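J.: fold the following and give me the result.
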Amino acid sequence: MAKEGYAVKKVTTTEDQVARFRLDIQTKLRQRVREAIETVLDEELAEALGCEAYQRSEGRRGYRNGSEQRPLTTEIGTREVRVPRGRLRQDDGTTTEFRSEMLPRYARRTNVIAEAILGIDLPDESIEAAGAGFGWIGSST
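T.: Residues are numbered from 1 along each chain as shown. Model prediction:
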């Protein structure tokens, strides 16, 4: 026998709430994907240099040289990505500019990034279920 007042409430979601939720999720996914790409690029430079930023090391093979903003087109649109710059010391004492293998110099879209983004693609039903489960969308009636 169920106690009075403890019945499950019916939850309904308006189209406006669903649209707002989808926009919020898309915005957060775009931000996280950009952050992940920038982290991978930073790690790639750290590996090439033989040390992390601000780290002192006898095995250091060059130095960081700031960063630049580059447009990058992905499955979720074109965004600016911060690409780290660096100089790598050669055996003869000269330096050369660091070149990312993940994001080649003139590439504005790469298969590696497209595959990574497609791997996080969620069906609409999953997004709606997650939103309702966490209370992000819906109102009790």
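
J.: now the strands for the protein?
T.: 11-12, 62-74, 77-89, 95-97, 139-140 (DSSP state E).

J.: what's the closest of the ones you listed to T27?
T.: Evaluated over the strands of the chain, closeness to T27 peaks at strand 77-89, with 10.8 Å, by C-beta to C-beta. Using the backbone N, CA and C atoms, a C-beta is placed for each residue, glycine as well.

J.: residues touching that closest one, excluding its own?
T.: 30, 34, 37-38, 41-42, 45, 48-49, 61-72, 95-98, 100, 103 (C-beta atoms under 8 Å, 6 or more residues apart in numbering).

J.: go on, stretch 40-48?
T.: Outside stretch 40-48, the residues that touch it by C-beta under 8 Å, 6+ apart are 52-53, 61-62, 64, 81-84, 86, 88, 98, 100-103.

J.: going through these, which ones are buried?
T.: Using 16 or more other C-beta atoms under 10 Å as the burial test, the contacts of stretch 40-48 include 61-62, 64, 81, 83-84, 86, 88, 98, 100, 103 as buried.

J.: ok, now which ones touch the spatially closest residue to R61 that is not a sequence neighbour?
T.: Excluding the flanking residues, the one nearest R61 by C-beta to C-beta, 6 or more residues apart in numbering is G50, at 4.7 Å. Listed by C-beta under 8 Å, 6+ apart, the contact set of G50 reads 57, 59-61.
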